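J.: Take this sequence and fold it.
(one chain, ligands or ions: 1)
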Amino acid sequence: MRYVSTRGRAPLVGFIDQLLRGLAPDGGLYLPESFPDLTDIGSADDYAEAAFRVTFPYVADDIPADDWGSLLENAYRRFDTPEVVPMIELGDGHFLLELFHGPTLAFKDLAMQVVGDLFEYALGRRGESVTVIGATSGDTGAAAVQALADRDGIELFMLFPDGGISEVQRRQMTTCQSSNIHNLAVAGSFDDCQDLVKAMFADDAFRDEHRLSAVNSINWARVMMQIVYYVVAIARLGDSVTFSVPTGNFGNVYAGHVARRMGARVNGLIIASNRNDILTRFHDQSVMEIREVIRTTSPSMDIQVSSNLERFVFEALDYDGDATAAFITGFREAGKVADDRVAGAYRSAFSAAMLTDEEGAAIIADLDAQLGILIDPHTAIGLGAARRLRPGGTVVTLATAHPAKFGDAIVAAIGRPPAVPQRLQAVLNAPESFEVVPNDAETVTSIVARSRQEF
Ligand SMILES: *Cc1c(COP(=O)(O)O)cnc(C)c1O
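T.: The predicted structure follows:
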């Protein structure tokens, strides 16, 4: 299995190479040359085994089966339930798939726990080290800090929008005292953070000197690990399923799309947006047009430039890298883009709905009152979108975070705070360390260069 760049101007590479590089040298995202067909996943109750069967074809050329199997088993042992992703029924054929039972209580752990182990495995085998640079809308940062703290050969720089994430999300990063972890609070939005990261990657000399790498959802390994829970949910339910997915950077819902391409019985995929609804407007109006980022009570979706969409665009344009590059750069330069082929493929692959903070809060209150189930503001957007679109058949809404990560929004919705799980108690009291930086590529670059020399 080899990996191609969505911009079509980078050499094909193997799994480990694309893992460690993160972003292709031509600025594109890596994608496997083809999607393998799903085979029997065995028992849907053994999550690590199912993960092995779904993902092994992607790594088989680079990682022996025994190594991959034990890596997955170790990673999923760190979840607080043997089911890893428990499912609860809400009635009327609607289910919640709880993706927040990992160490940082959001779905990012499902991939990041594996990616942390995978980096150490790959670097150890090659005797190399890397500087991992990431931008986060909150949960990726927490998951990455947890997964990479004290790892040999890895220095992590995590950029987050200052004031743009919840207190718990910030504390999950900033209370980590490991010397290889560097938290940078950027005076800007998540999109600004993501652009700073891309600027560092675009500087070839800097990139090579510091051996830059990425663990954002632009890294294929993350998308790959997220395919698994779609397949597992379908196997457990024994039926085809429509998934409703709270969406920001398009990573999670794209993984659902790949599951379908591999042959999983995905009936439909709902893109659920908060008021940063560029992906929903693109669906309904066929024009993708950027607007200012609005801060909402679902901050992990406060995004206008959804990086992973590039992978879907590349597919829709029949793996034409030049056409994909033209679409993406056209969008970045003009702030808007229209392409009938992409829009048509997008409309047939997904449906979409937008919910405001108020609508989300009403969903949280309703579910709490009717069923005594407390959901987080991102999950509420997903559930609300499913209720509005009423796809019929079996519907699974992805519960992407634990409500305790967003206490203020929960208080606003139901008038009382969520119970705080044991795993969060410690971060609420520990001292924080982070550096506030301007939204300026030169400054951020020099911080990365300085710290890298120290280590
Ligand atoms: C990251 C995140 C999302 C959005 O996922 P994408 O892959 O960026 O679309 C939704 N909900 C929560 C809680 C998240 O952390």
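J.: Need the per-residue pLDDT for E358.
T.: We have a pLDDT of 98 for E358.
J.: burial measure for whichever residue of the stretch 1-150 of the chain sits closest to the ligand, as a count.
T.: Closest residue of the stretch 1-150 of the chain to the ligand, C-beta to the nearest ligand atom: D139 (3.1 Å). Any C-beta I mention is one placed from the backbone N, CA and C, and that applies to glycine too. By other C-beta atoms under 10 Å, the residues close to D139 number 27.
J.: same question, E289
T.: E289 - counted by other C-beta under 10 Å - has 15 other residues nearby.
J.: what's the distance between it and D357?
T.: 22 Å (C-beta to C-beta, to the nearest Å).
J.: Same question for N308.
T.: 24 Å.
J.: okay, these two: which has more neighbours?
T.: Neighbour count, other C-beta under 10 Å: between N308 and D357, N308 has more, with 24 against 20.
J.: In this structure the more buried one contacts V223, no?
T.: Yes. Here N308 reaches V223: they are 7.0 Å apart, a contact under C-beta atoms under 8 Å.
J.: shared neighbours of the two, anything?
T.: Residues touching both N308 and V223 (C-beta atoms under 8 Å, 6 or more residues apart in numbering) are 217, 251, 254.
J.: thinking again about what came up before, who's in contact with the residue of the stretch 1-150 of the chain closest to the ligand?
T.: 104, 106-108, 169, 300, 400-401, 405.
J.: in the stretch 251-400 of the chain, which spans are helices?
T.: 251-261, 278-285, 309-316, 321-334, 340-349, 357-371, 377-389 (DSSP state H, counting those that start in this stretch).
J.: Point out the most buried one among these.
T.: Mean neighbours per residue, mean count of other C-beta atoms under 10 Å, is largest over the helices of the stretch 251-400 of the chain for helix 377-389, with a mean of 27.
J.: Are it and the ligand in contact anywhere?
T.: Yes. Judged by C-beta under 6 Å from any ligand atom, helix 377-389 comes into contact with the ligand at H378.
J.: got a list of what V337 touches?
T.: So V337 contacts 287-288, 327, 330-331 (C-beta under 8 Å, 6+ apart).
J.: between those, which is nearest F243?
T.: M288 (22.2 Å; C-beta to C-beta).
J.: for that closest one, what are its contacts?
T.: Here M288 is in contact with 278, 281-282, 331, 336-338 (C-beta under 8 Å, 6+ apart).
J.: can you tell if the helix or strand containing E155 touches the ligand?
T.: Assigning secondary structure by DSSP states H and E places E155 in strand 154-161. No. Judged by C-beta under 6 Å from any ligand atom, strand 154-161 stays clear of the ligand, getting no closer than 12.3 Å.
J.: For the stretch 201-350 of the chain, list the residues in contact with the ligand, please.
T.: Within the stretch 201-350 of the chain, the positions adjacent to the ligand are 217, 246-252, 300-301 by C-beta under 6 Å from any ligand atom.
J.: quick one on the thing from earlier: please identify which of the contacts of V337 is nearest to the ligand.
T.: Of those, the one sitting nearest to the ligand (C-beta to the nearest ligand atom) turns out to be M288, at 15.6 Å.
J.: Can you tell me who that closest one pairs with across the strands?
T.: V337 (DSSP bridges).
J.: Could you list the low-pLDDT ranges of the chain?
T.: Scanning the chain for pLDDT under 70 picks out 452-455.
J.: Could you report the distance from the spatially closest residue to N276 that is not a sequence neighbour to G141?
T.: When the adjacent residues along the chain are set aside, N276 lies closest to D302, with 5.4 Å between them (C-beta to C-beta, 6 or more residues apart in numbering). Taking C-beta to C-beta as the measure, D302 falls 14 Å from G141.
J.: go on, A24?
T.: For A24 relative to G141 (C-beta to C-beta), the value is 23 Å.
J.: So between the two, which is more surrounded?
T.: In this view A24 and G141 are compared by other C-beta under 10 Å, and G141 has more residues nearby, 28 against 24.
J.: Can I get the strand or helix carrying the more buried one in CSV, CA atoms only?
T.: Element membership of G141, judged by DSSP H and E, is helix 139-148. What follows is helix 139-148, C-alpha atoms only, in CSV (Å, rounded to 0.1, in the frame of the first residue of the first chain):
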residue,chain,number,x,y,z
ASP,A,139,-9.6,18.2,22.0
THR,A,140,-6.8,17.3,19.6
GLY,A,141,-4.3,19.2,21.8
ALA,A,142,-5.4,17.5,25.0
ALA,A,143,-5.3,14.1,23.3
ALA,A,144,-1.9,14.8,21.7
VAL,A,145,-0.3,16.1,24.9
GLN,A,146,-1.5,13.1,26.8
ALA,A,147,-0.4,10.6,24.1
LEU,A,148,3.1,12.2,23.5
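J.: Now do it: distance to the chain's middle.
T.: With C-alpha atoms, centre = their mean, to the nearest Å as the basis, helix 139-148 stands 11 Å off its chain's centre.
J.: how long is stretch 281-290 end to end?
T.: 10 Å (C-alpha to C-alpha, to the nearest Å).
J.: circling back: need the helices of the stretch 251-400 of the chain in CSV with distance to I234, can you?
T.: CSV is the format used below for the helices of the stretch 251-400 of the chain (distance: least, C-beta to C-beta, whole Å):
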stretch, distance to I234
helix 251-261, 8
helix 278-285, 23
helix 309-316, 21
helix 321-334, 30
helix 340-349, 17
helix 357-371, 24
helix 377-389, 16
